[in-house]
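K.L.:
need a 3D model of the following:
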Amino acid sequence: MDAIAGVWSALPGPMRDPVIFAVPFFLLLLSLEWFAARRLEQFESERVPAGAYRTEDAWASISMGLVSMATTAAWKFIALLGYAAIYTYVAPWHLSPTRWYTWVIALVGVDLLYYTYHRIAHRIRLIWATHQAHHSSRYFNFATALRQKWNNSGEILMWIPLPLLGVPPWMVFASFSVSLIYQFWVHTERIDKLPRPVEFIFNTPSHHRVHHGMDPEYLDRNYGGILIIWDRMFGSFAPERFRPHYGLTKPVDTFNIVTLQFHEYASIIADVRSATRWRDRWGYIFGPPGWQPVAPAVAVAQQPRLP
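P.N.:
Numbers count the residues shown, from 1 in each chain. So this is what the prediction gives:
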């Protein structure tokens with residue numbers, strides 16, 4: 001416990017969660033975009049105008065963001081206990097926070113691990129259940145950026161390699177906060193494509209619009225947080241060719257924030273209860289979102305015939 005207390009006391013106040021200090025800027029930009037969207041809606045002809053705001057939807061996103069700040073703080077405290085133990089007793093060396101390369105390792109490491117976790121979250125239904133609320137809005141704006149999950153357990157596990165490599169735990173938290181702050185501004189329709197070098201290296205509004213698209217061409221693409229190069233390297237990149245349609249492929253028609261956060265867990269439980277085979281139960285839990293079992297007769301028909 002002394003080690004944990006020492007790590008926590010070494011953490012500068014503003015660095016415990018820089019997101020808190022960014023909130024006023026989030027709200028200012030959100031208000032400006034909301035005002036601009038209201039003024040421009042009369043010129044839009046789409047079914048859901050690009051960058052539009054719906055009051056109930058925006059308030060649901062803001063409310064989820066406020067709850068997320070509290071739940072994230074709780075998850076970070078739990079993570080601090082484990083990270084401090086790993087950093088103190090397991091890490092073969094301790095990297096100094098005064099060295100520039102430690103910050104590079106922390107920031108790039110968090111970004112790569114975020115990409116990894118984000119991709120897993122879209123391919124394993126149980127983890128998708130923690131993340132799907134962020135994709136539940138049919139609107140794409142700064143309010144949508146605040147529609148965050150309440151269960152950060154997956155990310156906490158994903159960050160373990162960093163304290164194991166000797167990165168101080170508070171630097172892990174600070175780096176992830178930098179990532180969250182960066183990702184706020186990419187949730188907008190009001191910024192078109194940026195210069196090609198920027199679009200090639202960094203996540204941008206254009207890239208992230210693709211990620212939130214429910215169109216078949218855009219599903220499961222562009223997972224990057226700050227850098228888009230991970231998607232280019234690992235084959236998950238797609239350019240924006242047309243403005244996406246946003247939301248879940250199976251929309252949840254409610255603005256109840258509890259339902260938006262937890263409905264997928266309820267669906268998993270219902271599917272597992274309805275299954276008659278263990279392989280199907282595991283598929284409903286750990287298969288990709290939308291996974292369905294193959295009926296036995298169909299499975300037999302699909303087997304290759306011997307010559």
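
K.L.:
tell me where the model's unsure across this structure.
P.N.:
1-51, 296-307 (pLDDT under 70).

K.L.:
which is the next helix or strand following the lengthiest helix in it?
P.N.:
Ranked by residue count and defined by DSSP state H, the top helix of the chain is helix 55-85. Proceeding N to C from helix 55-85, the next assigned helix or strand is helix 100-121, under DSSP states H and E.

K.L.:
and whatever helix or strand comes next after that next one, what other elements does it pack with?
P.N.:
Remark: after helix 100-121, the chain's next helix or strand is helix 125-131, criterion DSSP H and E. Contact here means 3 or more Cβ pairs under 8 Å, 6 or more residues apart in numbering; DSSP states H and E; on that basis helix 125-131 packs against helix 100-121, helix 153-158, helix 257-274, helix 278-286. Using the backbone N, CA and C atoms, a C-beta is placed for each residue, glycine as well.

K.L.:
tell me which of the ones you listed lies nearest to residue 221.
P.N.:
Closest of these to residue 221 is helix 100-121, at 10.1 Å (criterion: Cβ to Cβ).

K.L.:
next, the buried residues of the closest one.
P.N.:
Going by neighbour count (16 or more other Cβ atoms under 10 Å), the buried part of helix 100-121 is 102-103, 105-107, 109-115, 117-119, 121.

K.L.:
neighbouring contacts of stretch 130-139?
P.N.:
Stretch 130-139 is contacted from outside by 48, 51-54, 57-58, 60-61, 64, 118, 121-122, 143-144, 147-154, 212, 245-248, 251-252, 260-261, 264, 289, using Cβ atoms under 8 Å, 6 or more residues apart in numbering.

K.L.:
can you tell me which of these are buried?
P.N.:
Applying 16+ other Cβ under 10 Å to the contacts of stretch 130-139 flags 51-54, 57-58, 60-61, 64, 118, 121-122, 143-144, 147-152, 154, 212, 246-248, 252, 260-261, 264, 289 as buried.

K.L.:
please name the nearest non-neighbouring residue to residue 71.
P.N.:
residue 150 (4.4 Å; Cβ to Cβ, 6 or more residues apart in numbering).

K.L.:
what are the phi and psi values for the one you found?
P.N.:
phi -110, psi -10 (degrees, to the nearest 10).

K.L.:
identify the residues contacting it.
P.N.:
Per Cβ under 8 Å, 6+ apart, neighbours of residue 150: 64, 67-68, 71, 130, 261.

K.L.:
from these, which is closest to residue 237?
P.N.:
Nearest to residue 237 among the contacts of residue 150, with distances taken as Cβ to Cβ, is residue 130, at 24.0 Å.

K.L.:
before we move on, the earlier item: which helices and strands does the longest helix of the chain pack with?
P.N.:
helix 2-9, helix 18-40, helix 142-145, helix 153-158, helix 169-184, helix 257-274.

K.L.:
one more pass at 7 Å, please.
P.N.:
When contacts are defined as 3 or more Cβ pairs under 7 Å, 6 or more residues apart in numbering; DSSP states H and E, helix 55-85 packs onto helix 2-9, helix 142-145, helix 153-158, helix 169-184, helix 257-274.

K.L.:
now that helix, how far from the centre of its chain.
P.N.:
12 Å (Cα atoms, centre = their mean, to the nearest Å).

K.L.:
how about stretch 266-278?
P.N.:
Its chain's C-alpha centre and that of stretch 266-278 lie 26 Å apart, by Cα atoms, centre = their mean.

K.L.:
kindly report the same for stretch 230-243.
P.N.:
Put simply, stretch 230-243 sits 16 Å off its chain's centre (Cα atoms, centre = their mean).
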